[in-house]
Structure formats: C-alpha cells, structure tokens
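J.: I'd like to go over a predicted model; first the sequence, then the structure.
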Amino acid sequence: MGGAERKGGISGRNAATSGGAMSNSTPVADKAPDKFHPSFWSANTTELFERGAYYAMASFVVIYLGRLGMGKYWPSTLNGLLWTLVYFLPILSGTIADHVGFKKSLALAFVLLTGGYFLMGAPVWVGGAQLAEKAGDAVTSPMWMAVVVAAGMILIGIGGSFVKPCISGTVQKTAGARATLAFAIFYMVINIGSLFGRGVSYVVRTQLGLPFIFAVSMASSVIALAVVLLTYREPPVAAEVAAKPKRSVGQILLDMFLVLRNPRFVLFLLVNSGFTFLYSQVYNVLPLYLEKVLEKKPPVDIYTMANPFVIVFFQLLVTKLFGKMKPIRSIVVGTLIIATAMLINIVPLYLAGGARALVAGALPLGSLFVVMTVALIAFGELFASARTYEYIGGLAPKGQEGLFLGYANLPMAIGSLTGGPVGAWIFNEVMCKGAVKNDQGLLELQPSQAATGWIILMVIGLVSAFSLWLYNRWITRTATSEA
C-alpha cells in the first residue's frame, strides 16, 4: 500500500526511460530478451518479506498502543510519526545508500527493522505489561514504555526508508529494456507481501495474542536479512551513471531548499496531501471505529486485505480503461473516490439494527462497510497515486524533473503527519461525543455525531479535490499567459 506502491510507479517510469536509452546504444534486434539479473529476483524476494513484516503489524498499531494504556491520542500520533518517517527519510537514506552500496544499506535496514519490531513488542515480552481488554481514554502507561515504543517506531521508520530506494533502485538498474514487465512484477510482489503479512499475522495473533504480530514482523525481517546476505549482489551500473558524481547529504538538503522555494510545487504538495490524509485513516480512524464501536476483537488485518486484493485484481483494468485520462483529472477522480469511501459509513448508522446489525448472522453491517471503504480507497489509489508522479514531472521546471520527482513523497509525509492526531481528534471528539459504553465495552454512538465525523472526512476529500482542480486551472492559465 501507499508509499511502496507510489515508489514503484515512478521508478517504473524512470526505468523505462533509462532502459530505452540502453537499448538504443546496444541493438537487440533478432535477439531473445536477456534474463533478469539475479539481483532482480533477490530484491523482489526481499521486498516480499519486508512488506510482509510491515503489514503484519500495521493494521493493529493504534489498537495495540491503546491497549497498552497510551490514551486517546498518542497511538494515532505515534503511528502518524512512523508513516512520516517512512515517506520522508528516503530523500536522505537513498543518497546514503548510493554512497555505501545497496547491499550494506539493506543489511543495516533489516537489522534496524528487526530491532524496531522487537522494541514494539518489548513492553509485553520484557517489561511485563498487560494489554487491556479495550483501549481506555486516559494515559496509564509509564514513561519508559512510551520511550521504548517511540524508539521502536524510529528504528522501523529509518530501516524502512533504506529499503524503499534500494529495492526500487535495484529493479530499475536490472530492468534493462523490459522495465514495464520488471515493475509489474515488483508491484505484484508488494501486494503479495501485504497479503502474506496480514494472513500470517492473523493466524499467529489469534493463536498467541496481539503482541505476537511483532514476532511475525521480526521473523519476516530476519528472513529478508538472510536473503540479502546470502543471495543479493550489487546490481550493474551503466558507465554513464557511474561516471556521474554522487550527491552528498548536504547537496540533498540544499536541493530540498531549492525545491521548496518553488511556490507552485509547495502549493501542490499542500493541496495534494488531502488524499494522503484520508488514506492514513485506514490505519487510524478505521481500526479505532472497529475496535471501540463495532466488535470486541475485530480482525482488522483480514478486513484491510481488501486493499491489496483490489489493487492486484483491478490494476490492469483501471490502467486500460482510464490510462489515457489526464493526470490531474485522474488524481481528482481518485480523491473524490476516497472521499466517497468515508461517506458510505453513514449508511449503517440509520439502518434497522444500526451498525452492529449482523449480516448473515456473523459480520456486523458496519464492519462490512469498513471493508467496502478500504476497497474504495484502493480504487482511489489506483487513480491517483502513480499519476501524481506523472503530474509532478510535467510541473517541474525543464531540466529539474528528476530533482522534483525525488521529493514527490512529501505529500505522503504531510498527510501522514497530520492524519494521525487529526484523525484521532475527529474520532474521539466528534464521532464519539456523547457516546456511552454498553455491557460489552463497546461505544453506543449518537448517529448524528458519528455521521458528522464521517462527513468531515468526506469534506476534507472534496476540498482537496476542488483545490487540485483550481490549482490546475491556475497553473494552466499562468502557463498560457507566459507563453
């Protein structure tokens, strides 16, 4: 989901360009396509386990931290910090990886990830903490626990930020003239890893308990580390690329200042971050809604499988039917879809039996609509995510396309940073206003208040889509007047 998918989209586009240049210099007519470099397959195997590790725990982070006693706001705030690190740090870690090599960087990444996932489970495994049956509103966890969890998230964020540029960079360097196929495989592996992680996590969690989702993440990270150490080799580098001087971290920071001095780009980052803000609610508001309102022990990992399923089964169809749509229009459509995804959760509130009415005697109606929300968000992602890179490439000043595309994940960072605490506020102070607990410990929401919360989330999406449309009109008119 999210960052990995977006990274894969742009890397595929860049790789296609470089692959074409290489094929022009070395004619391959009447020659069977070369096999992929062995590092291509070891990189994809590594990515599968890394994504499995991440999504094994992602759906339950806010629930786990809430049951540790971190109150109403800290779980979502810390989760937002984690996602922000994952999307922002590749700007710097990618440069470091270029200097020290992909293999060393990946080995370091999985050591950090293993340590980070261990620290996430450490309050229970080592510290003797007991998870509450349900998350409470007050902060009851001691300070040391918050420090350990925050340290774990920082390690996961730093480790994950190295994996992204190294894996996508390896795929790009080993794709050759078959970039389209290479990145199609890469994109599929990402989503298979997501399904794998959630599925294994569900089995382990239901058998051993919630904290052991981090054991699944640790095991997946150790396997990925073994794949790197035993099978990964540095990918070949084209001579013209090797001859170019490598950028320093100082140059990266200077480039960031240069990019952020461009008012058009900064404004786009702001108006486009509304999409990511809503996307982040899959891991903030939706788990809280399931856990505190709909079910005593919701299988959030199973419900959120709807996202990778939709992407795997509908990616080619959406691309075929709507691939010729202009990038900005596609982004606006994706944002409108994700806004609608939030709004549909109003429906169960006013049906007979309410959101907890059982469908086929098993699944709460509200949970079914949450699954539909996750699926619709995936459709929005198919329309908006990759096209964002295409739009930024066209927006960038001539000769600076690569520089601007390097900062294309900043809307993801902005949306994630705000999505955690603001999403928690919308859930706790708007949706749950006036709610009372029933005998099962679930909240009985006032339908009007719950509906208001979902409407606010929808409005954020509508405002973002309208702002993108206005922004594009302004850019188009400015370009016409300057011509």
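T.: Okay, I see it.
J.: shaky segments in this structure?
T.: For the chain, the stretches with pLDDT under 70 are 1-34, 180, 237-249, 252-253, 256, 399-403, 405-406, 479-483.
J.: tell me where it has strands.
T.: 358-359, 363-364, 436-437, 443-444 (DSSP state E).
J.: please name every helix or strand in contact with the third one.
T.: Think strand 436-437. Using 3 or more CB pairs under 8 Å, 6 or more residues apart in numbering; DSSP states H and E as the contact test, the elements touching strand 436-437 are strand 443-444. In this view, the C-beta of every residue, glycine as well, is placed from N, C-alpha and C.
J.: give me the contacts around the strand it packs on.
T.: With contact meaning CB atoms under 8 Å, 6 or more residues apart in numbering, strand 443-444 is reached by 292-293, 432, 435-438.
J.: name all residues that make contact with residue 432.
T.: Going by CB under 8 Å, 6+ apart, residue 432 touches 292, 443, 445, 449.
J.: and for residue 220?
T.: 49-50, 52-53, 56, 197.
J.: got a markdown table for these, with neighbour count and distance to residue 408 too?
T.: A markdown table is the format used below for these (neighbours: other CB atoms under 10 Å; distance: CB to CB, whole Å):
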| residue | neighbour count | distance to residue 408 |
| --- | --- | --- |
| 49 | 24 | 26 |
| 50 | 31 | 21 |
| 52 | 26 | 25 |
| 53 | 33 | 25 |
| 56 | 32 | 27 |
| 197 | 28 | 25 |
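J.: ok, so of the residues you listed, who is nearest residue 103?
T.: residue 50 (14.6 Å; CB to CB).
J.: deepest-packed of the strands of the chain, please.
T.: Of these, the one with the most neighbours on average (mean count of other CB atoms under 10 Å) is strand 363-364, at a mean of 18.
J.: in the stretch 301-450 of the chain, mark out all the helices, start to finish.
T.: 306-322, 327-343, 365-395, 401-405, 410-425, 447-482 (DSSP state H, counting those that start in this stretch).
J.: check the burial of the closest residue to residue 145 other than its chain neighbours by counting its neighbours.
T.: The shortest distance from residue 145 to any residue other than its chain neighbours is 4.8 Å, reached at residue 123 (CB to CB, 6 or more residues apart in numbering). Here the number of neighbours of residue 123 (other CB atoms under 10 Å) works out to 25.
J.: correct me, but residue 123 touches residue 150?
T.: No: in this structure residue 123 lies outside contact range of residue 150 using CB atoms under 8 Å: 11.6 Å.
J.: report the buried residues of stretch 221-241.
T.: 221-225, 227-228, 232, 235 (16 or more other CB atoms under 10 Å).
J.: nearest to residue 313, out of the strands of the chain?
T.: strand 363-364 (21.0 Å).
J.: quick check, distance from that closest one to the centre of its chain.
T.: 27 Å (CA atoms, centre = their mean, to the nearest Å).
J.: show me which of the buried residues of stretch 221-241 is closest to residue 95.
T.: Nearest member of those to residue 95, counting by CB to CB, is residue 235, at 17.1 Å.
J.: I'd assumed residue 167 was in contact with that closest one.
T.: No: judged on CB under 8 Å, residue 235 makes no contact with residue 167 at a distance of 10.7 Å.
J.: residue 140 and residue 70, how far apart?
T.: Going from residue 140 to residue 70 by CB to CB, to the nearest Å gives 8 Å.
J.: neighbour count winner among the two?
T.: Neighbour tally, residue 140 and residue 70, criterion other CB under 10 Å: the higher count belongs to residue 70, 24 against 12.
J.: give me the phi and psi angles of the residue lying closest to the more buried one once chain neighbours are set aside.
T.: Nearest non-adjacent residue to residue 70, counting by CB to CB, 6+ apart: residue 141, 5.3 Å away. Dihedral pair for residue 141: phi -80, psi 140, per degrees, to the nearest 10.
J.: can I assume residue 141 is in contact with residue 130?
T.: No: if you go by CB under 8 Å, residue 141 and residue 130 don't touch, sitting 10.9 Å apart.
J.: for residue 120, what are its contacts?
T.: 57, 64, 149, 152-153, 156, 214, 217.
J.: name the nearest of those residues relative to residue 298.
T.: Distances from residue 298 to the contacts of residue 120, taken by CB to CB, are shortest for residue 64, at 13.0 Å.
J.: isn't the closest one up against residue 211?
T.: Yes: counting by CB under 8 Å, residue 211 is a contact partner of residue 64 at 7.2 Å.
J.: which one of those two has more residues nearby?
T.: Between residue 64 and residue 211, residue 64 has the larger neighbour count (other CB under 10 Å), namely 25 against 21.
J.: what's the neighbour count on the nearest residue to residue 218 once chain neighbours are set aside?
T.: Nearest-residue entry for residue 218: residue 117, 4.5 Å, with adjacent residues in sequence omitted and distances by CB to CB, 6+ apart. Residue 117 has 28 neighbours, counted by other CB under 10 Å.
J.: for residue 72, same thing?
T.: Using other CB under 10 Å, residue 72 is surrounded by 21 other residues.
J.: how near is it to residue 307?
T.: The value you get for residue 72 to residue 307, if CB to CB is used, is 26 Å.
J.: cool, and residue 86?
T.: 16 Å.
J.: what is the burial count for the nearest residue to residue 298 once chain neighbours are set aside?
T.: The spatial neighbour of residue 298 that comes closest, neighbours along the chain excluded (CB to CB, 6+ apart), is residue 290 at 3.9 Å. Using other CB under 10 Å, the number of residues around residue 290 comes to 22.
J.: residues of stretch 353-368 that come out buried?
T.: For stretch 353-368, the neighbour count (16+ other CB under 10 Å) marks 354-356, 364-368 as buried.
J.: and the residues you listed as TSV, adding distance to residue 346?
T.: TSV is the format used below for the buried residues of stretch 353-368 (distance: CB to CB, whole Å):
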residue	distance to residue 346
354	12
355	10
356	15
364	15
365	12
366	10
367	15
368	14
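J.: list the contacts of residue 353.
T.: Here residue 353 is in contact with residue 365 (criterion: CB under 8 Å, 6+ apart).
J.: what segments of the stretch 51-200 of the chain are helices?
T.: So, for the stretch 51-200 of the chain - with DSSP H, counting those that start in this stretch - the helices run 61-67, 74-88, 90-100, 102-125, 143-175, 179-208.
J.: can you add distance to residue 281 and give those helices back as CSV?
T.: Shown next, in CSV, are the helices of the stretch 51-200 of the chain (distance: least, CB to CB, whole Å):
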stretch, distance to residue 281
helix 61-67, 11
helix 74-88, 9
helix 90-100, 23
helix 102-125, 21
helix 143-175, 19
helix 179-208, 18
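J.: among the ones you listed, which is nearest residue 414?
T.: helix 74-88 (8.2 Å).
J.: other residues contacting that closest one?
T.: Helix 74-88 has contacts (CB under 8 Å, 6+ apart) with 2-3, 61-66, 70, 135, 139, 146, 149-150, 153-154, 156-158, 160-161, 164, 280, 283-284, 288, 409-410, 412-413, 416-421, 423-424.
J.: same thing but 7 Å
T.: For helix 74-88, the external contacting residues (CB atoms under 7 Å, 6 or more residues apart in numbering) are 3, 61-62, 65-66, 139, 149-150, 153-154, 156-158, 160-161, 280, 283-284, 409, 412-413, 416-417, 419-421, 423-424.
J.: mind giving me the domain ranges of the protein?
T.: Listed by automatic domain parsing, the domain ranges of the chain are 1-22+34-245, 247-483.
J.: most tightly surrounded among those domains?
T.: domain 1-22+34-245 (a mean of 20).
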